[in-house]
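Enquirer: Sequence plus the predicted model coming up.
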Amino acid sequence: MRFAPWLFTFLALMVVASCAYQLVVILGTLWLRRLRHQSTFASAGFTPPVSLLKPIRGADGETKACLETFFQQDYPDYEIVFALHDADDAAVAVIERLRRAYPNVPTTCVFQPPPLGVNPKVANLANALSAAKHDLVILSDADIRVSRDYVRTVIHPLHDRQVGVVTCLYRGVSKSGLPSRFECLGIETDFMSSVLVACLVEGLSYAFGSTVATRKSVIAGFGGLARLANHLADDYLIGNLAYQAGYRVQLSSCVVETVVPEMTWRDFLSHQLRWARTIRTARFGGYTGLFVTHTLTLGLLLVTAFPGVALAWYLMLTGVALRFLAAWQTASALGNNQIRRLGWLPLRDLLHFVVWIGGFWGRTITWRGQIYRLAGDGRLLPEPLPEHR
């Protein structure tokens, strides 16, 4: 075959580049362990009053356990502001039970946010922000579970006025269902790995819904939450807009948990595609560059195209070994030592490659039961539901 030499060279170089990526991930886990060790001695003295903002809609079997961790903080002065669209929301009863169980924690509920844009979560956040008493605020999703030193640890980097946003890595927690476990595996061994690489290579310029700690003045400085009102990646944008305004975005040493509910394969694929299309619209270059992260798939392509070449097998096996080592180290650095879950890694990686390819096409996503279209700049455009077409 005339094309074989250049094809072999191309695929071999891709596998080598992918191996290099996995090595950087391993270095990232070492950096994270060092960051967590240093923070153990650094977070005691800075304890200004803080407002915790929790946009929430609905409740499930894990809601009380997740929210309760925010009532149990070892921190001298903080309040919790819950933002809901409707006073009849099922989460209201859960909040009331927690409020009675922890009367010493100032708690406020705000309802019916003024219309702000297409994204209902941003409208809720803006409503909570206006009710917050303190300048320092911590935003987090309702399915996040934290340790008792969470507020103390997360808020500490903000003693430096050049730090505009602090965000947290997170690990997934699921109780049952293979799709949910695949979701957790992807969070820990793909998404969080890519964040560690970004921290080492270019620095962090965005945030995650797991935690966004900032000041009201930072949000006001980039134009307020109204700038996010028609975007899906609101947490990403809070960090990115602060970064563009000249502030640093810092990764906290605190790792939180996100509770992944039981889901069907259809739910899983829909969520993965929504995630992929959101990243593609937010960072097209970065999304395209994720090609090099598919170590297992690249190795399989190489040995499938050149099964009789010993070097192809050597590169593939080296890549697989590094992929497993990097995944194990990332999960371990995030606090998950369930190494047996990595047995699903090859199947999950192949599925992830298919989703990555699919993420290049289509602009329609489903979120909270509503169909949206993603504009080229990442804005959400509501689509008519199928039955209304």
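Expert: Yep, it's here. Just so it is clear, the model here is predicted, and its values are computed rather than measured. Numbers count the residues shown, from 1 in each chain.
Enquirer: Am I right that Gly376 is in a strand?
Expert: No: counting by DSSP: H, G, I helix; E, B strand; the rest coil, Gly376 is not part of a strand but coil.
Enquirer: what's the closest non-adjacent residue to it?
Expert: Thr281 (7.0 Å; Cβ to Cβ, 6 or more residues apart in numbering). Every residue, glycine included, has its C-beta placed from N, CA and C.
Enquirer: Helix or strand, whichever it is, which one in the chain has the lowest mean pLDDT?
Expert: Here the helix or strand of the chain ranked lowest by mean pLDDT, DSSP states H and E is strand 380-382, holding a mean of 75.
Enquirer: related to what we said a few turns ago, now name the helix or strand holding the residue nearest to Gly376.
Expert: Per DSSP states H and E: Thr281 is located in helix 265-282.
Enquirer: And the contacts of that helix?
Expert: Helix 265-282 is contacted by residues 179-180, 182-183, 186, 206, 232-233, 236, 263, 286-287, 352, 355-356, 358-360, 362-363, 365-367, 374-378 when judged by Cβ atoms under 8 Å, 6 or more residues apart in numbering.
Enquirer: change it to 7 Å
Expert: Under the criterion Cβ atoms under 7 Å, 6 or more residues apart in numbering, residues 179, 182-183, 232-233, 236, 287, 355-356, 358-360, 362-363, 365-367, 374, 378 lie in contact with helix 265-282.
Enquirer: Return the members of those classed as buried.
Expert: Buried residues within the contacts of helix 265-282, counting neighbours by 16 or more other Cβ atoms under 10 Å: 179, 182-183, 232-233, 236, 287, 355-356, 359, 365, 367, 374, 378.
Enquirer: Could you let me know which of these ends up closest to Tyr78?
Expert: Closest approach to Tyr78 among the buried ones among the contacts of helix 265-282 (Cβ to Cβ): Tyr236, at 25.3 Å.
Enquirer: give me every residue that touches the nearest residue to that closest one once chain neighbours are set aside.
Expert: Distance criterion Cβ to Cβ, 6+ apart; nearest residue to Tyr236, sequence neighbours excluded, is Tyr206 at 4.6 Å. With contact taken as Cβ under 7 Å, 6+ apart, Tyr206 is in contact with 236, 239-240, 249.
Enquirer: Which residue in those residues has the weakest pLDDT?
Expert: Across the contacts of Tyr206, the bottom pLDDT score, 89, is held by Tyr236.
Enquirer: Doesn't it belong to a helix?
Expert: Yes: assigned with three-state DSSP, Tyr236 falls within a helix.
Enquirer: Let me see the contact set for it.
Expert: 206-207, 282.
Enquirer: tell me the mean pLDDT over stretch 121-133?
Expert: For stretch 121-133, mean pLDDT is 93.
Enquirer: Please identify the buried residues of that stretch?
Expert: Buried residues in stretch 121-133, counted by 16+ other Cβ under 10 Å: 121-129, 131-132.
Enquirer: Quick one: the residues you listed as TSV, columns for secondary structure and distance to Ala331 too.
Expert: Below are the buried residues of stretch 121-133 laid out as TSV (DSSP: H, G, I helix; E, B strand; the rest coil; distance: Cβ to Cβ, whole Å):
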residue	secondary structure	distance to Ala331
Lys121	helix	28
Val122	helix	32
Ala123	helix	36
Asn124	helix	32
Leu125	helix	31
Ala126	helix	36
Asn127	helix	37
Ala128	helix	33
Leu129	helix	34
Ala131	helix	38
Ala132	coil	35
